[in-house]
Structures are given as structure tokens and as C-alpha cells.
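# Build me a model from this:
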Amino acid sequence: MGRYLLRRIVHFVPVLFVVSLIAFTVTLLLPGDAALAMLGESNIHDKVAYEAMRTELGLDQPIPVQYAKWLGRALTGDLGRSIRTGEPVLEGLLARLPVTLQLTAMVMVLALMFGLPLGIVSALYPNSKADTVTTVLAVGGAAVPDFWLGILFIYFFALWLRVVPPSGYVPLTEGLWPNVRSMLLPALSLGMYLTAITMRQTRSSLIEVMQQEYVTVARAKGLRERVVVMRHALKNALIPVATVIGLQVGRLFGGAVVVETIFALPGLGRVAANSIFFRDFPMLQGAMLVMAVGVLAANLLTDLLYAFADPRIRYT
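Numbering: from 1, shown residues only. Modelled structure (predicted):
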């Protein structure tokens, strides 16, 4: 297992290199000028100050040299300073990372709480009314965009029923329930798609496993149907479900950009969106790198869970 972990970590290096190259290139393609953003509107026509700022930021050097210097600083943990706030990029991202991690964790919990039971019921009673209802819910959850659900939830639960706040974030230090209330609507908006995918994947995987010979043997031994499903069939059926959930982490980070902006959550997604609006290129580059590391870590964790879910899988 240790050698497998080391090999996977080594494989992360070229992936992160490509991500860093994309992050640096994207900021060059975006409209705007970092030097002008640093100077502000008051000095926008001062050519001397403008050239001095370009020299200070290294923008007067060739692009390959700029990338090499930026990458060298990034390897030491120096991602630069935010053009908008002046704070170190790494410190700003680490301060906002817990919000996005909590949102992702709540989305995962909601998907498992609702997607797994509904998928199991749909698999045990195929072509029934329950299966039809869950299929309609799954298709609807996968088809409706996150931002539309967020606006709909704000109108229904916050403005009409007034059971949760429409936006804003309450830190966990101010109480568990106020924190959960502030994160509930964003988690529901972002989690509907993952719940639908989990539901359908659980259904199809469990139906396939229930037709295997070892399930027939377990029934022939006289075991109760609940024991056959929960102890023998479901464990193997969850392996492809874990794969799907792990692969959806990247989509969750992408959806967090929109959802966190709608609900005014101070997470990585909102930072990335604001960085684009305000031409804060160092913060945008850092956010892309942190999200890429999160996706790679989630994929690695998914692979490691295989060994616990299926004893036949061994990493050597």
C-alpha cells in the first residue's frame, strides 16, 4: 500500500505541472491588465507608474520567464499577493478552504442519505411505482441546473417559508445549528445532481449484483432477504458507486463557483469568481491549483477505498 501511495503521488507531479501551465495561460487570455488593476483608477494615465508597476510584477519579461519564476515561487508556497486585497494568496485560500470543504462534505452526506436508500428501493422493486417515482426524481435532479435550484430554494424556503436565511455564512464557532442553517440551501442546490447520480448508479449496480451466483447461493442457504442484500450484495454494489462519487468531486468544485456566489459563501468558489471579475490573477491561479490538488486527493482516496470495500483488490 505504501509503494502504491508513493507511486500515485509521483504521478501527481506531471498532472499538477499541466494544471499550473493552464492556470498561468488562462490568466494571460483574460481581458485586463494586472498592472492597471494594482495602480487603480487614480493613476491609470501615469505612464511612468504603469511601467514601474509592470517591472515590479515582472510583466515586462518574456512569458516563459514569467511562468518559470511564478512556478518556482509556487513550489516554495509563495503564490504571490492578491491584487484586490493585498493579502498573501496562500493564506487567503487556506482561510476560505474550510467553507468549500464543509459544503462538499454536506453534499456528500446528502447524496448518501437520500441517494443510497432510494437506489436500493428502486433496485429491489424494479418497474414498480416506487421505481418510477425515483427514476423521475433522478432524471429531474440530474437535469436541473445548480443555479436555478439555488434561486428556487431561496424564494421558497427563505423568502416564503422563512425557515432558513437566504444567503450569508455563519462560522461554526458561532454554533452548530446556525452554521448548518446557513449551509443547508447551498448543499441542497449543489447536491441534487450528485444525489440523482448516486441513486441511479446504486440501482443499476445492485440489480446487476443481485443476479450473481453467490447471491443465489446465499438465498438457497435460507438467509433472510435483508441479510442477503445488506451483507452480501450491497457491499459489492457500492464499489462503482464510490467510483462515481469520487469522480464528481471536480464537478462539485466547479459548481461551488456558482453556488457560493449565489449564497454569498466565503469559499474557494466565490474567491475564484471574484478573481475573474476583479482581474485578481494571482488569486485565480492559486484557486485553480488548490482545486486541482483537491480533485487529485479525492481520486486517490476513492482508489484506497476500493481495498476496504472489496478484499479481492490489493495494491502491490
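
# can we go C-alpha only for contacts and neighbour counts from here?
OK.

# secondary structure class for residue 264?
coil (DSSP: H, G, I helix; E, B strand; the rest coil).

# ends of stretch 273-288, how far apart?
Taking Cα to Cα, to the nearest Å, the first and last residues of stretch 273-288 lie 11 Å apart.

# residues making contact with that stretch?
For stretch 273-288, contacts defined as Cα atoms under 8 Å, 6 or more residues apart in numbering pick out 19-20, 23-24, 27, 32-34, 37, 79-84, 89-90, 93, 257-258, 261, 268, 271-272.

# Could you pull out the buried residues of that stretch?
Buried positions in stretch 273-288, judged by neighbour count with 16 or more other Cα atoms under 10 Å: 273-276, 279-288.

# Let me know the average pLDDT across stretch 305-313.
Mean pLDDT, computed over stretch 305-313, is 66.

# What of stretch 236-256?
Average pLDDT, stretch 236-256: 81.

# Past the helix or strand bottoming out on mean pLDDT in the chain, which element shows up next along the chain?
Every helix and strand of the chain was ranked by mean pLDDT, DSSP states H and E. The lowest is helix 34-39, at a mean of 70. Later in the chain than helix 34-39, the nearest helix or strand by DSSP states H and E is helix 47-57.

# what does the domain assignment say about the chain?
The chain breaks down by automatic domain parsing into domains covering 2-89, 95-309.

# ranking the ones you listed by burial, who's on top?
Highest mean neighbour count among the domains of the chain (mean count of other Cα atoms under 10 Å): domain 95-309, with a mean of 18.

# follow-up on the earlier one: redo the buried residues of stretch 273-288 as JSON lines? Include pLDDT and distance to residue 67.
Listed next are these as JSON lines, based on pLDDT from 0 to 100; distance: Cα to Cα, whole Å:
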{"residue": "273", "pLDDT": "87", "distance to residue 67": "23"}
{"residue": "274", "pLDDT": "86", "distance to residue 67": "23"}
{"residue": "275", "pLDDT": "86", "distance to residue 67": "19"}
{"residue": "276", "pLDDT": "83", "distance to residue 67": "19"}
{"residue": "279", "pLDDT": "79", "distance to residue 67": "18"}
{"residue": "280", "pLDDT": "82", "distance to residue 67": "17"}
{"residue": "281", "pLDDT": "83", "distance to residue 67": "13"}
{"residue": "282", "pLDDT": "85", "distance to residue 67": "12"}
{"residue": "283", "pLDDT": "88", "distance to residue 67": "15"}
{"residue": "284", "pLDDT": "88", "distance to residue 67": "15"}
{"residue": "285", "pLDDT": "87", "distance to residue 67": "12"}
{"residue": "286", "pLDDT": "88", "distance to residue 67": "14"}
{"residue": "287", "pLDDT": "89", "distance to residue 67": "17"}
{"residue": "288", "pLDDT": "88", "distance to residue 67": "15"}
